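**Student:** pasting a predicted model and its sequence here:
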Amino acid sequence: MMQELQTDIYQIQAPLPGKSITLIGGTHGNERTGVEVVTRMKAMIESGELVIIQGSLTLIYGNPRAIELNERGSEPHADLNRAFVTDLLECDPTGTYEDARAREIAPFLQSSDVVIDLHATNKPSEPFLASKDSERHQQVYRWFPSKKVLSDPQYVLAGFPATVDDYTDVYGGVGVCYETGQASDLGRVEEVLQNVINCLKDQGLVEGHVEAPDATRDIFELTEAIILTDEGFTFAEGFGEGSWEAFAQGEVLGAHGDTAFVAEYDGVIVFPKMPEHRKVGKPVGYLAKRN
Ligand SMILES: [Zn+2]
């Protein structure tokens, strides 16, 4: 049986030793596919339909309060996926819900060999992976269909390691974030569930052999954040509607107030923020470059 070790954190230990794998859904509460995949997997284990033969599997509902609200965080601009600073457990609590929740989750990330964090984008996007591009990471992420991998070796996303996958990596595990598509779209639940099960088979937690899909992937690297200033920011026509919009060097991507924001290299826009998620001093989107 799965044991609830902390609020909405469930674990099953197999009798045989093996890898420790953690699956997280709802790190952002409005990203429902991951929440649904965790629920389905928990039900499959409890019904005996899915048997963990070795190692341990931990299932985590990332941000229960945000899941309840069907919002990204427990309050506007709260973001659990920026709360995992490397020295989190050595720092004093900040008093926010997300900080407290990150402290509950952190020990499980520290002790996991593999962490799969399921996300979705607020704007339309094809599924993609956000992950380091090492061989160890490839072995995990190859089970998830995606033409693109977004890596962030310069920690452009937060300015320093702060995401679930960063934290896992820092503590020696393999952290992979899978963006399953648009947040409101639940059409990929069964497929993503199967992707996770295939990965569990490959890692030895579930019996059965699976052939790894043979996919070529384009690797992109985050290069910079577009930071919102007091002047405001507007995307140029055709930009800011979704991730992976391609631009060329010299193209006008938008404007800070009246000042044009011009691309200095060929690249793509990723994670453009919806107006209600924007905040002065914070990114309205990011640029990435093909490796
Ligand atoms: Zn997310």
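**Tutor:** Cool, got the structure.

**Student:** which one's the longest helix in the protein?
**Tutor:** helix 32-47 (DSSP state H).

**Student:** which other helices and strands does that one contact?
**Tutor:** Counting contacts by 3 or more C-beta pairs under 8 Å, 6 or more residues apart in numbering; DSSP states H and E, helix 32-47 packs against strand 16-25, strand 54-61, strand 114-121, strand 174-182, helix 189-202. For glycine as for every other residue, the C-beta is placed from the backbone atoms N, C-alpha and C.

**Student:** any chance of those in TSV, plus mean neighbour count and distance to residue 149?
**Tutor:** As requested, the helices and strands packed on helix 32-47 are exported to TSV (neighbours: other C-beta atoms under 10 Å; distance: least, C-beta to C-beta, whole Å):
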stretch	mean neighbour count	distance to residue 149
strand 16-25	21	19
strand 54-61	23	23
strand 114-121	26	14
strand 174-182	26	9
helix 189-202	19	15
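
**Student:** start to end distance for stretch 248-263?
**Tutor:** Chord length of stretch 248-263, first to last residue, is 7 Å (C-alpha to C-alpha, to the nearest Å).

**Student:** so which bits of that stretch are buried?
**Tutor:** Of the residues in stretch 248-263, 253, 254, 255, 256, 261, 263 count as buried by neighbour count, 16 or more other C-beta atoms under 10 Å.

**Student:** on that earlier part again, which among the helices and strands packed on helix 32-47 is found nearest to residue 101?
**Tutor:** Nearest to residue 101, of all the helices and strands packed on helix 32-47, is strand 54-61, at 9.9 Å by C-beta to C-beta.

**Student:** thought residue 7 was touching residue 105?
**Tutor:** No - the criterion here is C-beta atoms under 8 Å, and residue 7 misses it with residue 105 at 10.2 Å.

**Student:** more neighbours, these two?
**Tutor:** The neighbour comparison of residue 7 against residue 105 (other C-beta atoms under 10 Å) goes to residue 105, with 27 against 10.

**Student:** and the more buried one, what's its pLDDT?
**Tutor:** Looking at residue 105, its pLDDT stands at 98.

**Student:** doesn't residue 5 make contact with it?
**Tutor:** No - assessed by C-beta under 8 Å, residue 105 is found out of contact with residue 5, at 10.9 Å.

**Student:** next one: the residue most central in space within the chain, what pLDDT does it get?
**Tutor:** The residue lying closest to the centre of the chain (C-alpha atoms, centre = their mean) is residue 177, at 3.5 Å. Per-residue pLDDT puts residue 177 at 98.

**Student:** equivalent analysis for residue 75, please.
**Tutor:** Reported pLDDT for residue 75: 96.

**Student:** likewise for residue 87?
**Tutor:** So residue 87 comes in at 98 (pLDDT).

**Student:** and for residue 225?
**Tutor:** 97.

**Student:** part of a strand, is it?
**Tutor:** Yes - with DSSP: H, G, I helix; E, B strand; the rest coil as the criterion, residue 225 is part of a strand.

**Student:** pretty sure it sits against residue 273.
**Tutor:** No - counting by C-beta under 8 Å, residue 225 stays clear of residue 273, with 10.4 Å between them.

**Student:** between those two, what contacts are shared?
**Tutor:** 283, 285 (C-beta atoms under 8 Å, 6 or more residues apart in numbering).

**Student:** assess the claim that residue 34 and residue 116 are in contact.
**Tutor:** No - look at residue 34 against residue 116 with C-beta under 8 Å: they stay out of range, at 9.2 Å.

**Student:** give the residues shared as contacts by the two.
**Tutor:** Each of residue 24 lies in contact with both residue 34 and residue 116 under the rule C-beta under 8 Å, 6+ apart.

**Student:** quick check: chain neighbours aside, which residue is closest to the residue of the chain positioned farthest from its centre?
**Tutor:** Ranking residues of the chain by C-alpha distance from their mean position (C-alpha atoms, centre = their mean) puts residue 258 at the top, at 34.1 Å. Counting by C-beta to C-beta, 6 or more residues apart in numbering, the nearest residue to residue 258 once its immediate chain neighbours are dropped is residue 231, at 7.7 Å.

**Student:** need the contact list for that neighbour.
**Tutor:** 256, 257, 258, 259.

**Student:** ok, it to the ion distance?
**Tutor:** Residue 231 is 28 Å from the ion, where distance means C-beta to the ion, to the nearest Å.

**Student:** so that residue is in which element?
**Tutor:** Assigned by DSSP states H and E, residue 231 belongs to neither a helix nor a strand.

**Student:** need the phi and psi values for it.
**Tutor:** Torsion angles at residue 231 (phi, psi; degrees, to the nearest 10) stand at phi -70, psi -10.
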